[in-house]
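Student: Here is a sequence with its predicted model. Questions after.
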Amino acid sequence: MIPVAAMAKLTLLDYPGKTAAILFLPGCDMRCPFCHNSDLAAGGGPRTDIKEVYAFLEKRRGLLDGVVVTGGEPSLWDIMPLLRDIRDMGYLVKVDTNGLRPEEIEKWLAADSVDYIAMDIKNSPAKYAATAGLPSVDMNLIKKSVGLIMNSGKEYEFRTTVVRPIHETEDFRIIGEELISGAEQYFLQPFVSRDEVPDKNLTEPDDEFLKKCLEISAPFVKKIEIRGKNF
Ligand code: SF4
């Protein structure tokens, strides 16, 4: 049985245009220094009884549009039975992923178990591993995930948490050119400093920096926004 660390009963923000519940699964194969859920990512935190999750979703059938399955990193688990059950209850399913396991994404898509995929793009390839807190990252895996998602026919987004000094504006030109050229949607998410973030030296990007990143990224994608900002 898949462990669920926590459930948020209502979000208006995490599934674009939909009302949804969120299921947080524990564990992650990245160690991003700006992670807001580092305890959960390390596999810790509480556990929610899966029976309670199913009972809640049964009760909310027809009242909520969808369910967001996030982490941590959901692809560490065999989430197919969970996705199928959620869809059988009539919900739309959104899955968030860091893209390190394209073989799992392929399975979700082949079984038509997902309606929306959101994938993190951590940084330009040369800085990917450091940004993910890993000794190395096989960029072929990341590129394979990007390709699968872009060709899936499903709704999707790529998103980057913009963190200073990890990101320079030049990184966004390289991300656009080498990773997500032609993508439907790209969201820049300004890093928000919090006590639980592992690296205390990281800072929030200012508006001028964000505007520059937006300007540089815009030609590469069909739609781009900065989440939480009106420019
Ligand atoms: S991929 Fe997401 S959950 Fe995993 S460490 Fe990075 S920010 Fe945290």
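Tutor: Thanks, I have it.
Student: Against the centre of the chain, work out the most remote residue.
Tutor: The outermost residue of the chain, judged against the average C-alpha position, is Lys59 (26.8 Å), by CA atoms, centre = their mean.
Student: Am I right that that one sits in a helix?
Tutor: Yes - secondary structure of Lys59, determined by DSSP: H, G, I helix; E, B strand; the rest coil: located in a helix.
Student: All the strands of this structure, residue numbers only.
Tutor: Taking DSSP state E as the test, the strands found in the chain are 6-11, 20-24, 66-70, 92-97, 116-120, 155-162, 185-190, 223-226.
Student: Point out the residues in this structure that sit beside the ligand.
Tutor: Residues of the chain lying close to the ligand by CB under 6 Å from any ligand atom are 28, 30-32, 35, 37, 41, 71-73, 98, 120. All C-beta atoms are positioned from the backbone trio N, CA, C, and that covers glycine.
Student: coming back round to it: out of the strands of the chain, flag the one nearest Trp77.
Tutor: Ranking these by distance to Trp77, with CB to CB as the measure, places strand 66-70 first at 9.4 Å.
Student: Narrow the residues of the chain next to the ligand to those that are buried.
Tutor: For the residues of the chain next to the ligand, burial is judged from neighbour counts taken by 16 or more other CB atoms under 10 Å, and it is met by 28, 30, 32, 35, 37, 41, 71-73, 98, 120.
Student: what residue is smack in the middle of this protein?
Tutor: Closest residue to the average C-alpha location of the chain: Asp96 at 3.7 Å, with CA atoms, centre = their mean.
Student: Identify the residue spatially nearest to that one, adjacent ones excluded.
Tutor: In space, and not counting its chain neighbours, Asp96 is closest to Thr70: 4.1 Å by CB to CB, 6 or more residues apart in numbering.
Student: Tell me, how many residues neighbour that neighbour?
Tutor: When counting by other CB atoms under 10 Å, one arrives at 19 neighbours for Thr70.
Student: now do Glu177
Tutor: Glu177 is flanked by 12 other residues according to other CB under 10 Å.
Student: Contact partners for the residue nearest to Asp96?
Tutor: For Thr70, the contacting residues are 14, 22-25, 95-96, by CB atoms under 8 Å, 6 or more residues apart in numbering.
Student: mind redoing it with 10 Å?
Tutor: Taking CB atoms under 10 Å, 6 or more residues apart in numbering as the contact definition, Thr70 lies against 8, 14, 22-25, 37, 40, 94-97, 118.
Student: Check Val221 too.
Tutor: Listed by CB under 10 Å, 6+ apart, the contact partners of Val221 are 157-158, 175-176, 180-187.
Student: again, only using 6 Å
Tutor: Contacts for Val221 (CB atoms under 6 Å, 6 or more residues apart in numbering) come out as 183, 186.
Student: any idea how far it lies from the ligand?
Tutor: In this view, Val221 and the ligand are 21 Å apart by CB to the nearest ligand atom, to the nearest Å.
Student: What pLDDT does the model give the residue nearest to Glu155 when sequence neighbours are not counted?
Tutor: The shortest distance from Glu155 to any non-neighbouring residue, by CB to CB, 6+ apart, is to Tyr116 (4.4 Å). In this prediction, Tyr116 carries a pLDDT score of 98.
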